[in-house]
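sequence first, predicted coordinates after that:
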Number of protein chains: 2
Amino acid sequence: MSFTIIPATTDHAAVINSMTHELAEFEKLPNGPQLSESEFREAIAEKNLFGFVALIEEQIVGFVMCYYGFSTWQGKFIFMEDLYVRPAHRKGGIGKALWKEVAKVAYEQNLRRIQWTVLDWNTNAINFYKSIGATDMHDRDGWLDFRLFRPAIAQFVGGNSENGV
Amino acid sequence: MSFTIIPATTDHAAVINSMTHELAEFEKLPNGPQLSESEFREAIAEKNLFGFVALIEEQIVGFVMCYYGFSTWQGKFIFMEDLYVRPAHRKGGIGKALWKEVAKVAYEQNLRRIQWTVLDWNTNAINFYKSIGATDMHDRDGWLDFRLFRPAIAQFVGGNSENGV
């Protein structure tokens, strides 16, 4: 079945928000997503997030969402946050086509890299990434991702708790 | 010796660019940095990068550079790109003070997280991060960083080489 890919707009905020939750379920991290639908709409309107949706007969069956980062080594780049195709529509090239749209944006804007994260058990995804020449940064140099979440931020800036600062 | 921390401006572009190279040497990745001084100046002017510099008697002895990212799970966040203190001025609390300025920005803007990467052999840094309650995302969930660099981007979008598309 043929599909179409179009840029994501604020009209797609609700379905993208839903699919973000479906993706988090697949990733076995169902409590990850914390944004509301209106936060999604605002992020797309303000271009904090941009991306594409895949359609089959006017039904949205997949999406990709990205933002721009800025590296002190390589300048402006695209971070690919989420890419998802609903299970019934997999293996038909939709995921690769969504990736290609992102790569086209990076190519046309002369960016030096696209970056993303993947779970180490997701071998299907990792094999695809390697097939297109992607680099595993932990494997190459030993890079690890660290995060300081809000309770630790609050503690670090001087308070004992979120309300104690 | 006492130090001062002030927001980085375009006036600091040259010394920040130099220290980025010093940091890359320490990281054993001397070929990492690819930006020119003027690209640094432009990035600071356009607020693609922001951060702070540490001064001792008007000499710049350290810096931190960040950008804003936007997560589909947690909204706007700070990515801490580079933090560096020149060797002669270490162990005096400058690094922690630079980190704290970044944490204050995140706290005051009500952001849900600060994010960064660290090399897995840099145990001094990792121990400090753990001491302030940071989370190792590979350790917690298995997240790995992947990148598609420009030659692979060009190939993926349809050409055989950088010039062949």
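Right, received. Where do you want to start? Residues are numbered from 1 along each chain as shown, chains lettered A, B, ... in the order given.

give me the below-cutoff pLDDT ranges for chain A.
Residue ranges of chain A with pLDDT under 70: A:159-165.

got the CA positions of the lengthiest strand in it in CSV?
In chain A, with assignment by DSSP state E, the single longest strand is strand A:59-71. The C-alpha trace of strand A:59-71 is given here as CSV (Å, rounded to 0.1, in the frame of the first residue of the first chain):
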residue,chain,number,x,y,z
GLN,A,59,-4.8,8.1,8.3
ILE,A,60,-1.5,8.9,10.1
VAL,A,61,0.5,5.7,10.5
GLY,A,62,3.9,7.1,11.6
PHE,A,63,5.9,10.1,12.4
VAL,A,64,9.4,11.5,13.1
MET,A,65,10.1,14.5,15.4
CYS,A,66,13.4,16.3,15.6
TYR,A,67,15.0,19.5,17.1
TYR,A,68,18.1,21.5,16.2
GLY,A,69,21.0,21.2,18.5
PHE,A,70,24.3,23.1,18.4
SER,A,71,27.6,21.4,18.9
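
what about it and chain B, touching?
Yes - Strand A:59-71 comes into contact with chain B (Cβ under 8 Å from any Cβ of the partner chain), by way of A:65, A:67, A:69-71. All C-beta atoms are positioned from the backbone trio N, CA, C, and that covers glycine.

return the distance of the next helix or strand after that strand from the chain's centre.
Going down the chain from strand A:59-71, the next helix or strand is strand A:75-85, by DSSP states H and E. Put simply, strand A:75-85 sits 5 Å off its chain's centre (Cα atoms, centre = their mean, to the nearest Å).

is chain B within reach of strand A:75-85?
Yes - using Cβ under 8 Å from any Cβ, strand A:75-85 comes into contact with chain B via A:75-76, A:79, A:81-82.

neighbouring strands - and their directions - for that strand?
strand A:59-71 (antiparallel), strand A:113-119 (parallel) (DSSP bridges).

quick one: whatever helix or strand comes next after that strand to chain centroid distance?
The first helix or strand that comes after strand A:75-85 along the chain, using DSSP H and E, is helix A:94-108. For helix A:94-108, the separation from the chain centroid amounts to 13 Å (computed by Cα atoms, centre = their mean).

can you check stretch A:75-89 too?
4 Å.

buried residues, that stretch. List them.
Residues of stretch A:75-89 classed as buried: A:75-86, A:89 (neighbour count, 16 or more other Cβ atoms under 10 Å in any protein chain shown).
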